[in-house]
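Peer 1: Here's a sequence, model it:
(one chain, ligands or ions: 2)
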Amino acid sequence: MINDNSAVTILVPGKLHEHAEKRVDGAFRMVRVERADPALITEEMAKNVRGMAAMTAIDAAFIDALPKLEIIANFGVGYDAVDAKHAGKNGVMVTNTPDVLTDEVADTALGLLLNTVRELPKAEAWLREGRWVRDGAYPLTKTTLRGRRAGIFGMGRIGLAIARRLEAFGLPIAYHNRSRVEGVSYEYHPTLLGLAAAVDTLISVAPGTASTEKAVNMGVLKALGPDGVFVNIGRGSTVDEAALATALADGTIRAAGLDVFANEPNVPQALLDAPNASLLPHVGSASVHTRQAMADLVVDNLLAWFGEGKPLTAVPETAHVTAKRG
Ligand code: NAP
Ligand code: 8YV
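Peer 2: Ligands and ions are numbered 1, 2, ... in the order given. Sure, this is the predicted structure:
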């Protein structure tokens, strides 16, 4: 049975993926505000908004400004920008977009690792700048993937997909999570410091939470060592960026590849200046194919909630939320 949701009001704060927007507009009554600011919520919105599709930060005050809100469908598997704890406490469901982006992000992680270790963007720039003709071959890279040992911080869905790819590249793999993953034979380290000391290639794909805040600090980078390569495809908040810039400059580690930053889109000047850092503008999932699949999951979560009263992919903080708020 197809439900008629045309009387259900869904709020879109700020920008949303075009495909998600079209589907929300087609299935629901869509209203928009320029940004997720409680001051922009009209009386009418407060009375009517039952759902939200968001690609932006949603804080407690914005949730509180919408007393009829039942669900926030977040565009992204990482939902660190949404106050999910507050939502859960107030009976508001939060959903994210797991799985549909896993392979894309893992592919990007491997690309970023190769860019970092084999300096591929610099080699391409060498060719484009005419230096191949003028100066001859691009210098041999000091780093290689050959003989490296990989450590994954955050062996979840994407971590596992990265590990499978690294296995095909012939690298031994270890990991750190708070808990051991059943059914995988990779070496488990109960601490991040222990993992960093055991490997020379650390890949972070951990979520941005209070417990991961600046977890990759100077101690971890020292443990990774002077041949160490650090790649971050998770969240910028998990890294002490000042310590990382120092470690890159003084040879504490050899190189870093970063897709994510603590204060995006701003990248610290010290990282922009580091010749041994390979930088990407948060493009882990950024293909038309994968962003469309994420957009579909955002809308399918809203449809499932308003159709069956159960979303497809609830975040753990709101897994208990079932009843609609009165
Ligand atoms: P996931 O399946 O939930 O995996 C997260 C892993 O991190 C889990 O294995 C978890 O294990 C571990 N973890 C969480 N807190 C930890 C802590 N304090 N210490 C150690 N390990 C911890 O999530 P996913 O789908 O793989 O996504 C992971 C993250 O990637 C997202 O949250 C997002 O931030 C990021 N991401 C980035 C991009 C991009 O474009 N760059 C794209 C998609 C996702 P335990 O619970 O056992 O600790
Ligand atoms: C997106 C991401 O860039 O899913 C995530 O956690 O970081 C990326 O896939 C982001 O969510 C788009 O807003």
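Peer 1: excluding its backbone neighbours, what's nearest residue 187?
Peer 2: Leaving aside its sequence neighbours, residue 187 sits nearest to residue 174 (CB to CB, 6 or more residues apart in numbering; 3.9 Å). The C-beta positions use only the backbone N, C-alpha and C, and glycine is treated the same way.
Peer 1: Just give me the neighbour total for the one you found.
Peer 2: Using other CB atoms under 10 Å, residue 174 has 20 other residues around it.
Peer 1: That one in helix, strand or coil?
Peer 2: strand (DSSP: H, G, I helix; E, B strand; the rest coil).
Peer 1: Would you mind stating the distance between it and residue 271?
Peer 2: Separation of residue 174 from residue 271 (CB to CB, to the nearest Å): 26 Å.
Peer 1: now residue 238
Peer 2: Taking CB to CB, one finds residue 238 at 15 Å from residue 271.
Peer 1: So the two - more neighbours on which side?
Peer 2: More crowded of residue 238 and residue 271, by other CB under 10 Å: residue 238, with 26 against 17.
Peer 1: ok, the more buried one - contacts?
Peer 2: Going by CB atoms under 8 Å, 6 or more residues apart in numbering, residue 238 touches 153, 204, 206, 208, 212-216, 232.
Peer 1: Once you drop chain neighbours, what's closest to it?
Peer 2: Sequence neighbours aside, residue 212 is the residue nearest to residue 238 in space, at 4.5 Å (criterion: CB to CB, 6+ apart).
Peer 1: The one you found contacts residue 206, doesn't it?
Peer 2: Yes: look at residue 212 against residue 206 with CB atoms under 8 Å: they come within range, at 4.8 Å.
Peer 1: Same drill for these two, tell me which one is more crowded.
Peer 2: The neighbour count for residue 212 versus residue 206, taken as other CB under 10 Å, is higher for residue 206 (29 against 21).
Peer 1: can I assume that one is in contact with residue 213?
Peer 2: No: Residue 206 lies out of contact with residue 213 (CB under 8 Å); the separation is 10.4 Å.
Peer 1: Residue 40 contacts residue 31, correct?
Peer 2: No: using CB under 8 Å as the test, residue 40 is too far from residue 31 to be in contact (10.7 Å).
Peer 1: What residues does this structure have near ligand 1?
Peer 2: Proximity of the chain to ligand 1, by CB under 6 Å from any ligand atom, involves residues 77-78, 98, 101, 105, 154-159, 176-179, 205-209, 211-212, 233-235, 259-260, 282, 284-285.
Peer 1: Identify the residues contacting the residue lying closest to residue 41 once chain neighbours are set aside.
Peer 2: Spatially, and ignoring its direct neighbours in sequence, residue 41 is nearest to residue 65 (4.4 Å; CB to CB, 6+ apart). By CB under 8 Å, 6+ apart, the contact list for residue 65 reads 38, 41, 46.
Peer 1: Rounded mean pLDDT for the longest helix belonging to the chain, please.
Peer 2: Secondary structure of the chain read by DSSP state H shows that its longest helix is helix 288-308. Throughout helix 288-308, pLDDT has a mean value of 98.
Peer 1: Output the contacting helices and strands for it.
Peer 2: Packing contacts for helix 288-308, counted by 3 or more CB pairs under 8 Å, 6 or more residues apart in numbering; DSSP states H and E, involve helix 18-27, strand 49-54, strand 71-74, strand 93-95.
Peer 1: what sits up against the last one?
Peer 2: Applying CB under 8 Å, 6+ apart, the set of residues contacting strand 93-95 from outside is 70-74, 79, 82, 84, 87-88, 298, 301, 305, 311-315, 317-318, 321.
Peer 1: Tell me the helices and strands packed up against the next helix or strand after it.
Peer 2: Sequence order places helix 102-118 as the next helix or strand after strand 93-95, per DSSP states H and E. Using 3+ CB pairs under 8 Å, 6+ apart as the contact test, the elements touching helix 102-118 are helix 157-168, strand 201-204, strand 229-232, strand 255-258, strand 277-279.
Peer 1: And helix 102-118, what's buried?
Peer 2: Neighbour-count burial for helix 102-118 flags 102-113, 115-117 (criterion: 16 or more other CB atoms under 10 Å).
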